[in-house]
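J.: here is my input, please return the structure:
(chains A and B)
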Amino acid sequence: RKEVEQDPGPFNVPEGATVAFNCTYSNSASQSFFWYRQDCRKEPKLLMSVYSSGNEDGRFTAQLNRASQYISLLIRDSKLSDSATYLCVAWDSSYKLIFGSGTRLLVRP
Amino acid sequence: EAGVAQSPRYKIIEKRQSVAFWCNPISGHATLYWYQQILGQGPKLLIQFQNNGVVDDSQLPKDRFSAERLKGVDSTLKIQPAKLEDSAVYLCASSLNVDTDTQYFGPGTRLTVL
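T.: Sure, this is the predicted structure:
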């Protein structure tokens, strides 16, 4: 079983749509969680951290459910520029980032 | 502030050849990481340095991969000899310290092994 699992997609949505990604993690000792965005042929860049209380940044909302060991990312009012791969990441107890395989989002006009 | 620098950006070699990648982390960052990202997968940690010491190299295929960070700043990752399955993007990242969860990634080196 992978430590961090994501639906690979692709999610193909029209502009303005709301889309949600989920991710599950297996190591209950993981301390912090993140969503990274990776554009085609580019390096991953931190999108946002995920807190138990939820974290909102503009059109993006991330939530953590420790009891069920899953993380979610909600994107409202999708833009064409949101098209990318979204990587779910756990920071484990040995100070390593564990990446999921990513969920690909395509936003169409 | 300058980001993480890597070179070369692209490399094409034949199997059984050797190749080396270079990384210069953000100034002042004590921790440096090398990741391998195969197409369609997330980055996988190969090796982690704290200054010039290795913190974790448990996922580094040591029969063919080696890495060093002799002066605690720049780092090189070498593959010798390369196999077809080594085709991937090799990402370098750095963070302030080993217990800092924010890592900054370089642009990566895209390796193709023919």
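J.: wait, what's in contact with whatever residue of chain A ends up closest to chain B?
T.: Closest contact between chain A and chain B, by CB to the nearest CB, is at A:Phe99 (3.1 Å). (C-beta placed from N, C-alpha, C; glycine too.) Counting by CB atoms under 8 Å, 6 or more residues apart in numbering or on different chains, A:Phe99 touches A:4, A:36, A:44, A:87-89, B:42-44.
J.: who in chain A is up against chain B?
T.: Residues of chain A lying near chain B by CB under 8 Å from any CB of the partner chain: A:4, A:8, A:31-32, A:34, A:41-46, A:87, A:89, A:91, A:94-97, A:99-102.
J.: how about a cut-off of 10 Å?
T.: Within chain A, the positions adjacent to chain B are A:2, A:4, A:6, A:8, A:31-34, A:36, A:38, A:41-46, A:49, A:85, A:87-89, A:91, A:94-102, A:104 by CB under 10 Å from any CB of the partner chain.
J.: now, which of the contacts of A:Phe99 sits nearest B:Asp56?
T.: Ranked by distance to B:Asp56 (CB to CB), the contacts of A:Phe99 are led by B:Lys44 at 12.2 Å.
J.: quick check: residues of chain B near chain A?
T.: B:3-4, B:6, B:31, B:33, B:35, B:37-38, B:40-45, B:48, B:50, B:55-56, B:58-59, B:89, B:91-93, B:95, B:97-108, B:110.
J.: for A:Leu46, give me the pLDDT.
T.: At A:Leu46, the pLDDT value in this model is 93.
J.: that one and B:Ser95 touch, don't they?
T.: No: between A:Leu46 and B:Ser95 there is no contact under CB atoms under 10 Å: 11.3 Å.
J.: okay then, goodbye and thanks.
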